[in-house]
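Q: need a structure here:
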Amino acid sequence: MSDPNLEVDGLLDILSGSGVAYEIFECDPALADTAEFCEAYGFAMEDSANTIVVMGKSEPPVFAACIVLAHTRLDVNKTVRKKLGTRKASFANGEDTERMTGMIIGGVTPFGLPEGLPIWVDARVMERERLVLGGGSRDRKVLASPEILTAIGAEVVEGLAQTPPSA
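A: The predicted model follows:
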């Protein structure tokens, strides 16, 4: 299981081990949610990627971490459910997310997740020049090229996310 707060030193060790350039961006924890963060700090939603824990409803339940661009919608009912191999799937709630990752929603990062927890990244994420990713707590983000995700073993999945209908 991950350290409940994914200490900065542990995060830096993981990031450095990836061999990909990165930057730690400190932020106000009250502004950690993606839309607020982007507005406050001048980042584009299209460059922000959210790490979302999902749960396949089986006995025992199965989990995965999915990374999608903030302006897209994770395809839980089709792509995720099929990849999990379950009849039903849903977003993990805050309690399950914290139990599985040691991190709270708004700070979940793909770096330092428990061994054996699959990490799936939507193919569109890999098309960005630079990403804003969670930093393990609500007071920091990681800025890096998308190659950092495959460097840590994430699997690129076509169609993991969909473009939501216009409001």
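
Q: Now find how far off-centre stretch 87-106 is within its chain.
A: Distance of stretch 87-106 from its chain centroid, counting by CA atoms, centre = their mean, to the nearest Å, is 11 Å.

Q: Name the residues that touch that stretch?
A: Stretch 87-106 has contacts (CB atoms under 8 Å, 6 or more residues apart in numbering) with 1-6, 29, 32-33, 52-58, 63, 65, 74, 76-77, 80-81, 108-109, 113-114, 117, 134, 136-138. Glycine gets a C-beta too; all of them are placed from N, C-alpha and C.

Q: Mind naming the longest helix for the chain?
A: helix 8-17 (DSSP state H).

Q: Report the distance from the helix or strand of the chain with the lowest mean pLDDT to the chain centre.
A: Counting by mean pLDDT, DSSP states H and E, the chain has its least confident helix or strand at helix 8-17, which shows a mean of 88. Offset of helix 8-17 from its chain centre (CA atoms, centre = their mean): 16 Å.

Q: Can you list the helices and strands that the helix or strand harbouring residue 142 packs against?
A: Here residue 142 sits within strand 140-144, counting by DSSP states H and E. Counting by 3 or more CB pairs under 8 Å, 6 or more residues apart in numbering; DSSP states H and E, the packing neighbours recorded for strand 140-144 are helix 8-17, strand 22-26, strand 131-134.

Q: Can you give me the buried ones in the second one?
A: Same thing as strand 22-26. residue 22 (16 or more other CB atoms under 10 Å).

Q: then it to CSV, C-alphas only?
A: This file holds the C-alpha atoms of strand 22-26, laid out as CSV (Å, rounded to 0.1, in the frame of the first residue of the first chain):
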residue,chain,number,x,y,z
TYR,A,22,9.4,16.8,-14.6
GLU,A,23,8.5,19.7,-12.4
ILE,A,24,6.8,19.8,-9.0
PHE,A,25,4.2,22.7,-8.9
GLU,A,26,3.1,23.7,-5.5
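
Q: Averaged pLDDT, that strand. What do you get?
A: Average pLDDT, strand 22-26: 96.

Q: for that strand, packing partners?
A: With contacts defined as 3+ CB pairs under 8 Å, 6+ apart, the packing partners of strand 22-26 are helix 8-17, strand 140-144.
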